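Engineer: What would the 3D arrangement of this be:
(one chain, ligands or ions: 1)
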Amino acid sequence: MGVIELCNISSICIGRAKPICLIEGNQRRRITCMASSVSVQEEESHQQKQCVNGGSFIRTHLLKLSPYQPILPFEVNEALGAMKFPYIYPDPESRTLRAALAEDSGLESEYILAGCGADELIDLIMRCMLDPGDKIVDCPPTFTMYEFDAAVNGADVIKVTRNPDFSLDVEQIAEVVEREKPKCIFLTSPNNPDGSIIDDETLLKILHLPILVILDEAYVEFSGMESKMKWVKKHENLIVLRTFSKRAGLAGLRVGYGAFPRSIIEFLWRAKQPYNVSVAAEVAACTALKNPAYLEVS
Ligand SMILES: Cc1ncc(COP(=O)(O)O)c(C=O)c1O
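Structural biologist: Numbers count the residues shown, from 1 in each chain. Here you go, the predicted model:
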């Protein structure tokens, strides 16, 4: 092994191999070389033989598979770029968005509250409803944030596991409601992870129980089913949650919304963070709603 001191050279070349180092300026560099009995050419051809391409391990039909392409929200990007005052506080009542959602859903904006994703609304509901030690019903396997937020809010979780076909065990739910007196039940339709739907008959049975039903419709646009948002006018114990994360592929902008009975929504208004939906989030969601073709693709 030897050490070469280099000063003020622009390149060096060892033997007939390609230059191994380029140095500009007059800095001093030290290059450590290994003495070897193998010629540079032999070494190169040996390396070529040894060189393994990871792709050769991949199943051949997968080599032709197109890579994942996220949807590019052109219209939304354009609207975000055109924002005049993105840095000022947003409207704490998200009025433009709620008016657009009212038109979109057919439910008046007094019943609608927007949030920093559906996740914020799940937490907000729990903060408004649950005292430490209160109970919620969770129906796993399902979205895990209900359990997480319950823990954060000091509530106990009663799990009523779904049937093997992922349908709800309504009898067990009714039994648990009578025995344990939980305050809320979280139902996901379509369910995450399996996509199963809660039919109207089942939902009505649960709505007749003395419990607040939070119906999470994060994936409803993918089911071909109509949202139950309008049902909150008939059922004082129903909340319906939706999100632009799935509906419009805008998860990074954090916009969710919920439909609430008026007797409940007024307290959520009092407790929510004033600027929970950012200026950019509101612009993005409104733009997505104005572009049905974009919503269709996403
Ligand atoms: C069933 C369900 N609800 C709510 C959410 C959260 O949505 P957001 O991104 O609006 O917080 C998700 C996210 O994966 C989800 O799967």
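
Engineer: what pLDDT does the residue most central in space within the chain get?
Structural biologist: The centroid of the chain falls nearest to residue 251 when counting by C-alpha atoms, centre = their mean (4.9 Å). pLDDT, residue 251: 96.

Engineer: By proximity to the ligand, which residue of the protein wins?
Structural biologist: residue 117 (2.7 Å; C-beta to the nearest ligand atom). Heads up, the C-betas are built off the backbone N, CA and C, glycines and all.

Engineer: Assess the claim that that residue and residue 252 are in contact.
Structural biologist: No - applying C-beta atoms under 8 Å as the test, residue 117 and residue 252 come out as separate, 10.0 Å apart.

Engineer: show me the contacts for residue 284.
Structural biologist: 73, 76, 79, 80, 244, 248, 250, 253, 255 (C-beta atoms under 8 Å, 6 or more residues apart in numbering).

Engineer: Would you mind naming the helix or strand containing the third one?
Structural biologist: Under the criterion of DSSP states H and E, residue 79 resides in helix 74-81.

Engineer: Figure out how far that helix is from the centre of its chain.
Structural biologist: On the basis of C-alpha atoms, centre = their mean, to the nearest Å, helix 74-81 sits 20 Å off its chain's mean C-alpha point.

Engineer: on that earlier part again, neighbour-wise, which of residue 117 and residue 252 wins?
Structural biologist: Neighbours were counted for residue 117 and for residue 252 using other C-beta atoms under 10 Å; residue 117 has more, 25 against 9.

Engineer: Retrieve the pLDDT associated with that one.
Structural biologist: So, for residue 117, pLDDT stands at 98.

Engineer: hang on, the earlier thing: for the residue nearest to the centre of the chain, which non-adjacent residue is closest in space?
Structural biologist: Excluding the flanking residues, the one nearest residue 251 by C-beta to C-beta, 6 or more residues apart in numbering is residue 245, at 3.7 Å.

Engineer: The host helix or strand of that neighbour - contacts with which helices or strands?
Structural biologist: Here residue 245, judged by DSSP H and E, is contained in helix 244-247. Secondary-structure packing of helix 244-247 (3 or more C-beta pairs under 8 Å, 6 or more residues apart in numbering; DSSP states H and E): strand 256-259, helix 279-290.

Engineer: Deepest in the core, which of the ones you listed is it.
Structural biologist: Highest mean neighbour count among the helices and strands packed on helix 244-247 (mean count of other C-beta atoms under 10 Å): strand 256-259, with a mean of 27.

Engineer: what does the following helix or strand past the helix holding residue 79 contact?
Structural biologist: Remark: after helix 74-81, the chain's next helix or strand is helix 95-105, criterion DSSP H and E. Defining contact as C-beta under 8 Å, 6+ apart, one finds that helix 95-105 is touched by 107-109, 112-114, 227, 229-230, 255, 257, 259, 277, 282, 285-286, 289-290.
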